[in-house]
Each structure stands twice: as structure tokens, then as C-alpha cells.
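**Student:** Give the three-dimensional model of this entry:
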Amino acid sequence: MMIDAHQHFWHLSRGDYDWLTPEKGVLYRDYVPAELAPMLVDNEVGATVLIQAAASQAETRYLFGLAEAYPFIAGVVGWVDFESTDARRGISALIADGRGKLKGLRPMIQDISDPRWILRPTLGAAFEAMIAHDLVFDALVRPEHIDVLRIRLMQHPTLRGVLDHAGKPDIANEGFDTWAESLERLARDTAVHCKLSGLLTEAGGRTSPEDLAPYIAHIFLCFGSKRVLWGSDWPVSNLACDYAHWLGLSRRLVNRFAPGQEQDVFGDTAARLYQLEVWSP
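**Tutor:** Numbering: from 1, shown residues only. Below you'll find the predicted structure:
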């Protein structure tokens with residue numbers, strides 16, 4: 001089964017999407033499961049992992065409701081306040097409310113002003129609770145965060161983690177070298193996985209296969225196919241292309257840089273990492 005390991009839904013009237021403003025253009029409207037469902041069928045994607053888009057536990061519970069209603073949602077990555085003195089209790093409550101759907105947690109690190117936030121000692125209890133409950137840590141970071149992410153993950157070697165959007169390399173400005181060096185260290189020193197997602201929205205006009213090739217090649221060089229998983233990042237991906245275009249481009253590049261390993265990248269790795277009980281039509 002093909003699995004989309006990174007997609008979102010949101011409903012503007014909920015009011016907790018601080019980042020989602022009219023300036024976001026095509027993103028500034030509701031995106032709901034009924035819109036994505038036919039795209040999944042057309043592209044033979046059987047299951048998805050639904051990722052939080054708001055820094056609130058209320059939004060995570062909203063996602064649980066969607067997962068109950070739509071069988072293609074195999075898991076949810078939610079949000080909890082990692083700095084709360086009650087983080088352990090908050091995580092336990094979300095697990096109970098999710099009834100098996102909560103697979104991971106994601107603080108929105110890229111939106112936090114302190115670039116070293118992830119190293120704060122106050123976060124330790126939340127990370128230990130994630131380990132105790134066997135949840136995946138989704139790291140939403142930019143290249144300047146990758147080295148400090150590495151330090152934090154080395155403090156928790158049994159934590160299962162994944163780097164969203166390959167750490168958002170600045171493809172538009174050919175920002176390869178610093179990102180590549182940090183990515184290599186992260187992959188070498190931790191067991192973190194890497195999502196092949198979100199790259200076109202960082203690419204500006206540099207969206208051809210040859211523009212992306214050095215980045216994709218380096219991702220597989222660092223992580224290998226067993227630690228890379230594909231995601232659409234829909235609907236954020238609409239800023240750059242439609243669902244089918246990103247999937248088709250990804251298939252061509254995976255076939256080029258990880259030939260014979262497509263099943264890992266487009267399904268098996270996500271199922272293993274998130275411990276999904278995937279649904280079949």
C-alpha cells in the first residue's frame with residue numbers, strides 16, 4: 001500500500017492557525033478530507049498520516065475526529081506544549097482521546113523565535129513521556145536548527161523521530177552546502193528518519209528534476225531508503241504544484257537515486273515508523 005506520510009487539513013473558523021493569514025494566498029481557505037479523498041484514489045494512495053497545523057491540543061482533538069470519520073487517515077501527529085509542567089499528563093490525555101490514532105507529536109519549531117529552543121532543559125519531561133508511550137517526534141525545522149536538533153536527539157537515543165521536509169533546504173537560493181553538512185551529521189549520529197516532502201515549496205523557480213537532484217541524492221546518501229518516507233505536504237504543496245505532479249516527480253527521483261527501493265519510500269517505512277494499521281479498500 002502507498003502511504004502519504006505527511007498531509008494536513010484545517011478549518012479557518014477554528015481560529016487557532018496563527019500562521020495562516022490572507023497573505024498565504026491559496027492556503028487561506030478550508031481544506032477538508034472530502035477534497036483530498038479523490039486525489040488519493042486517483043494516485044493509488046491508500047492511507048495517510050495527518051499532521052497538526054495549529055499549536056493547540058484542541059486542534060489535535062479535531063484531527064482525531066476526522067480520523068474517526070475517514071478510514072484513509074491511518075494516524076495523527078498532534079501537538080502538546082512541550083514546556084508545560086503538565087506535559088506528561090497532556091500527552092497521556094491525548095493518547096486516551098486518540099483511541100489508537102495518535103502516532104506522534106510535533107512542536108512547530110520553525111516558528112519559535114529562539115533557534116536553540118529545542119535544547120531547553122524544561123523539554124526533557126515531554127521527550128521522556130514520548131519515549132515511554134512510543135510516540136514519534138516530528139521535527140519541523142529549518143537548516144539553522146538541524147545541528148541543535150542533533151544534540152537533543154543524541155540525548156534521547158531511543159526516541160523515534162523524523163525530520164520533516166528534509167529540514168527545508170533553501171533550494172531557491174542554492175543553499176546546499178551548510179544544509180548538506182548538517183544533514184550528514186544528523187543522519188550519522190542519530191536514528192532519525194527523513195521525510196521526502198515539502199521540497200518544491202522551498203525551491204522557488206528551481207523545480208526541475210535536475211534542480212532537485214543534488215538534494216534528493218544527498219538525502220538517500222545520508223539516510224538510505226529504509227529511513228526515508230514520502231509525504232505530499234498537501235495542501236501546503238499547492239503553493240508549488242498539484243498532488244499528482246509532486247508524486248510523479250518524487251517517483252522519478254526515487255527511481256533514480258534509490259532504484260528498487262520504492263516500496264520502502266512510498267509505504268513500508270512510514271508504516272514501520274508510525275506503527276500504522278493500514279486500511280485497505
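
**Student:** Secondary structure of Arg152: a strand, I assume?
**Tutor:** No - Arg152 is assigned helix when assessed by DSSP: H, G, I helix; E, B strand; the rest coil, not a strand.

**Student:** Leaving out the residues flanking it, which one is nearest to it?
**Tutor:** Using CB to CB, 6 or more residues apart in numbering and skipping residues adjacent in sequence, the residue nearest Arg152 is Ile118, 4.8 Å away. (Glycine included, C-beta is placed from N, CA and C.)

**Student:** neighbours of that neighbour, just the number please.
**Tutor:** 21 (other CB atoms under 10 Å).

**Student:** What of Gly15?
**Tutor:** Using other CB under 10 Å, Gly15 has 11 other residues around it.

**Student:** what do you get for the one 10 residues further on?
**Tutor:** Here the neighbour count serves as a burial measure; for Gly25 (other CB under 10 Å) it reads 10.

**Student:** pLDDT value on it, please?
**Tutor:** Here, the pLDDT recorded for Gly25 equals 97.

**Student:** Geometric centre of this protein: which residue is closest?
**Tutor:** Closest residue to the average C-alpha location of the chain: Asp164 at 4.0 Å, with CA atoms, centre = their mean.

**Student:** Helices of the chain, start to end?
**Tutor:** 33-42, 57-69, 87-98, 124-133, 146-154, 177-189, 209-223, 243-257, 262-263, 269-274 (DSSP state H).

**Student:** For the first one, buried residues please.
**Tutor:** Judged by neighbour count using 16 or more other CB atoms under 10 Å, the buried positions of helix 33-42 are 33, 36, 39-40.

**Student:** thinking again about what came up before, from the helices of the chain, which stretch is densest packed?
**Tutor:** Each of the helices of the chain was scored by mean neighbour count; the highest is helix 269-274, a mean of 23, by mean count of other CB atoms under 10 Å.

**Student:** Please give me every residue in contact with the residue nearest to the centre of the chain.
**Tutor:** By CB atoms under 8 Å, 6 or more residues apart in numbering, Asp164 lies in contact with 6, 51, 106, 138-141, 195, 197-198.

**Student:** Which of these fall in strands?
**Tutor:** Residues of the contacts of Asp164 located in strands (DSSP state E): 6, 51, 138-139, 195.

**Student:** before we move on, back to that, relative to Gln7, how far out is the residue nearest to the centre of the chain?
**Tutor:** 12 Å (CB to CB, to the nearest Å).

**Student:** Now for those two: what residues contact both?
**Tutor:** When CB under 8 Å, 6+ apart defines a contact, the residues bordering Asp164 and Gln7 alike are Ile51.

**Student:** hmm, back to that, please name the residues that touch the closest residue to the residue nearest to the centre of the chain other than its chain neighbours.
**Tutor:** Nearest residue to Asp164 in three dimensions, chain neighbours excluded: Leu140, at 4.8 Å (CB to CB, 6+ apart). Leu140 makes contact with 106-110, 164-165, according to CB under 8 Å, 6+ apart.

**Student:** Much appreciated, bye for now.
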